[in-house]
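Enquirer: Quick one, structure for this:
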Amino acid sequence: MIHYTCDRCKREIDASCETRYTVQIEVQANGDSNRSDFDEDIDHLTELHQILEGIADDDFDFQLSEANHRGSYDLCPDCHRQFLKNPLGRDAVLALGFSNN
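Expert: As a prediction, this is how the structure comes out:
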């Protein structure tokens, strides 16, 4: 039998009597958003050459792994409801409740 655990609260999910939700997240780095794709002043061949030269650099592998992410996460029904209320976790910072010293 396969055992599932909620990736948010770490509670075991009993798939025989409750629903297991799977959240798939894919993050990709987006190029310069101020630049138009149809800008004729850009030399695309030179740009491609620079990218290919950068592949040999060790820094390129680090930047690529930091910029792109793909993951699949299991959620129990309670965590699924919480996720749908706040998928980006925006309110989490406000909920910390720092003192005013």
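
Enquirer: The chain: helices as residue ranges?
Expert: Under the criterion DSSP state H, the chain contains helices at 44-55, 58-67, 77-85.

Enquirer: mean pLDDT for those: which is lowest?
Expert: Mean pLDDT is lowest for helix 58-67 among the helices of the chain, at a mean of 55.

Enquirer: so what's residue 9 up against?
Expert: For residue 9, the contacting residues are 76, 78-79, by Cβ atoms under 8 Å, 6 or more residues apart in numbering. C-betas here are computed from N, CA, C, even on glycine.

Enquirer: So which of these wins on neighbours?
Expert: residue 76 (23 neighbours; other Cβ atoms under 10 Å).

Enquirer: I'd say it and residue 11 touch.
Expert: Yes - with contact defined as Cβ atoms under 8 Å, residue 76 counts as touching residue 11 (5.5 Å).

Enquirer: Any idea how many residues pack against residue 24?
Expert: 8.

Enquirer: List the beta-bridge partners for it.
Expert: residue 72 (DSSP bridges).

Enquirer: quick one, what contacts residue 75?
Expert: 6-8, 20-23, 83.

Enquirer: How about it: what's its closest non-neighbour residue?
Expert: residue 21 (4.4 Å; Cβ to Cβ, 6 or more residues apart in numbering).

Enquirer: who's in contact with the one you found?
Expert: By Cβ under 8 Å, 6+ apart, the neighbours of residue 21 are 74-77, 79-80, 83.

Enquirer: related to what we said a few turns ago, would you list the contacts of residue 75 in TSV and tack on distance to residue 45?
Expert: Formatted as TSV, those follow (distance: Cβ to Cβ, whole Å):
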residue	distance to residue 45
6	49
7	44
8	47
20	49
21	46
22	42
23	40
83	44
